[in-house]
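In: Sharing a sequence plus its predicted fold:
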Amino acid sequence: MTILLLRDQDIKKQLEINEVLEVVEQAFREKGLGKVQMPAKTYLYYERYDGDLRVMPAYMESMDISAVKVVNVHPKNRTYNLPTVMAIIILIDPKTGSPQAIMDGTEITSARTGAAAGVATKYLAKEGAIKLGIVGAGVQATKQLSYISQVRELLEVRVYDKSDETKKKFVQTAKEKYPKLKIIPTGSIEEAVQYQDVVCTVTPSRKPIIMNDWIEDGTHINAIGADAQGKQELDPAILKRSKIYVDDWDQASHSGEINVPISKGLISRDDIYGQLGEVVAGKKKGRTSKKEITVFDSTGLAIQDAVVAKLVHKKASDKKAGTEFQLSILFK
C-alpha cells in the first residue's frame with residue numbers, strides 16, 4: 001500500500017481550467033441532488049494573529065470520492081512572504097479508509113474557488129454579460145477572471161485593490177494572459193463595481209465595502225471574501241434587493257456573506273432563495289429576468305476540494321508524477 005505525495009509543482013501541471021470547472025459543477029449538482037456527506041467546516045480561531053484554521057471532510061457516494069482538507073486563512077501572511085491561504089488535502093479510499101494521496105491544497109483551494117464563481121456566473125449572470133468588476137486584486141482575483149472568462153465572453157475588466165502594487169501586478173498579468181481584454185485599474189471600489197454585469201468581491205473585510213447605490217439592476221455578484229464569522233463585504237441593503245443563493249446554508253449562515261446580516265436580524269432564512277447546487281441540479285430556477293440582482297454567497301465546500309483532488313490524483317498517477325511513499329504505521 002502506497003501513498004502519493006503531490007507537491008505544489010506537481011499539482012499545477014494537472015489543473016486545466018475547463019476540467020476543474022466541469023468537476024466543480026458536477027460537485028454542485030451532486031449536492032443539489034442530496035448525494036453528499038459534508039459536515040460544515042470546523043474552525044479554530046487564532047485571534048491574536050488574525051487568522052483561523054478549518055477542517056473540511058467530504059464523501060460523495062455516487063462518485064466514490066472522499067477527502068479531508070485542513071486549511072488556514074491568515075490575511076497578514078503577506079508580511080511574512082507567505083500565502084494568506086495554505087492547505088493540505090488527504091484523499092481517502094472510501095472502500096478501505098486508507099489514504100491514497102497527501103497533497104498541497106493551496107493551489108487546489110484557489111482553483112476550485114475560482115471555479116465555483118465560474119459555475120455561479122454561468123447559471124446566474126444575465127445573458128450577454130461582458131463587463132466584470134473585481135474588488136481585491138490578490139491571487140484569487142486572477143482565478144476569478146480565469147474561470148469567469150470560460151463561461152462569459154468578457155470585453156472589460158475593472159479592478160480595485162487598496163495596494164497599488166497588488167493592483168498593478170494583477171493588471172500586468174491579466175494583460176499578458178488576455179491581450180484582447182480591456183483591463184482597467186480603478187482608484188475606488190465604486191469605479192470598479194458600478195455599471196458592471198458581474199462583480200466579484202475577494203477581500204477579508206469585516207465591514208461592508210460595496211454600497212447599495214453602486215449596484216445596478218441586473219448585476220450578478222460573487223461574494224467570495226466572507227468565509228468566517230464576522231466577515232462581510234456587501235451592504236445588507238444589496239441583499240434585501242437580491243435573489244440570494246448560497247453554496248451551503250449551514251456554512252453561509254455561520255461564516256458567509258449572509259452571516260452578519262442574519263445575526264443582526266436584517267435578513268432571515270426566508271430571504272435565501274436556494275443553494276447553487278439546487279440550480280445546477282434543476283431543482284430551483286436561476287435568474288429569471290435581466291433586471292434581477294443575483295448574489296452567490298461562496299464559503300467554499302469540501303466537496304469542491306474532493307473532486308478537484310481526485311482529478312489531480314488520477315492525472316498525476318497516469319503521468320507518474322509525484323512521489324510514492326509508505327507509512328510504517330499502516331503495516332503494523
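Out: Yep, that arrived. Residues are numbered from 1 along each chain as shown.

In: Show the pLDDT at the residue most central in space within the chain.
Out: Note on the chain: the residue nearest the mean C-alpha position is residue 113, at 2.3 Å, using Cα atoms, centre = their mean. Residue-level confidence at residue 113 comes out at 97, pLDDT.

In: That one touches residue 301, doesn't it?
Out: No - the criterion here is Cβ atoms under 8 Å, and residue 113 misses it with residue 301 at 9.9 Å. To be clear about C-beta, it is placed using only N, CA and C from the backbone, and glycine gets the same treatment.

In: residue ranges with poor pLDDT in the protein?
Out: Counting by pLDDT under 70, the low-confidence segments of the chain come to 328-332.

In: before we move on, the earlier item: for the helix or strand harbouring the residue nearest to the centre of the chain, the distance to its chain's centre please.
Out: With secondary structure defined by DSSP states H and E, residue 113 is part of helix 106-124. Computed by Cα atoms, centre = their mean, to the nearest Å, the chain-centroid distance of helix 106-124 equals 5 Å.

In: Stretch 174-187 now?
Out: Relative to its chain's centre, stretch 174-187 lies at 22 Å (Cα atoms, centre = their mean).

In: Same check on stretch 256-268?
Out: If you compare the mean C-alpha spot of stretch 256-268 with that of the full chain, they lie 20 Å apart, counting by Cα atoms, centre = their mean.

In: try stretch 158-177
Out: 19 Å.

In: Same check on stretch 210-226?
Out: Per Cα atoms, centre = their mean, the centroid offset for stretch 210-226 relative to its chain is 16 Å.

In: Kindly state the domain boundaries assigned to the protein.
Out: 3-109+303-331, 120-300 (automatic domain parsing).

In: Where do the helices of the protein begin and end?
Out: Taking DSSP state H as the test, the helices found in the chain are 8-12, 17-32, 106-124, 139-151, 164-177, 189-193, 236-241, 249-255, 259-263, 276-280, 302-318.

In: Minimum distance to residue 324: which of the ones you listed has it?
Out: Taking Cβ to Cβ as the criterion, residue 324 comes closest to helix 302-318 out of the helices of the chain, the separation being 9.6 Å.

In: buried ones in the closest one?
Out: Taking 16 or more other Cβ atoms under 10 Å as the basis for neighbour counts, the residues of helix 302-318 that come out buried are 302-313, 315-317.

In: Ok, stretch 145-160 next?
Out: Buried residues in stretch 145-160, counting neighbours by 16+ other Cβ under 10 Å, are found at 145-152, 154, 157-160.

In: which one of the residues you listed sits closest to residue 66?
Out: Comparing those against residue 66 with Cβ to Cβ places residue 147 closest, at 24.7 Å.

In: Next up, the contacts around the closest one.
Out: Counting by Cβ atoms under 8 Å, 6 or more residues apart in numbering, residue 147 makes contact with 17, 20, 21, 114, 115, 117, 118.
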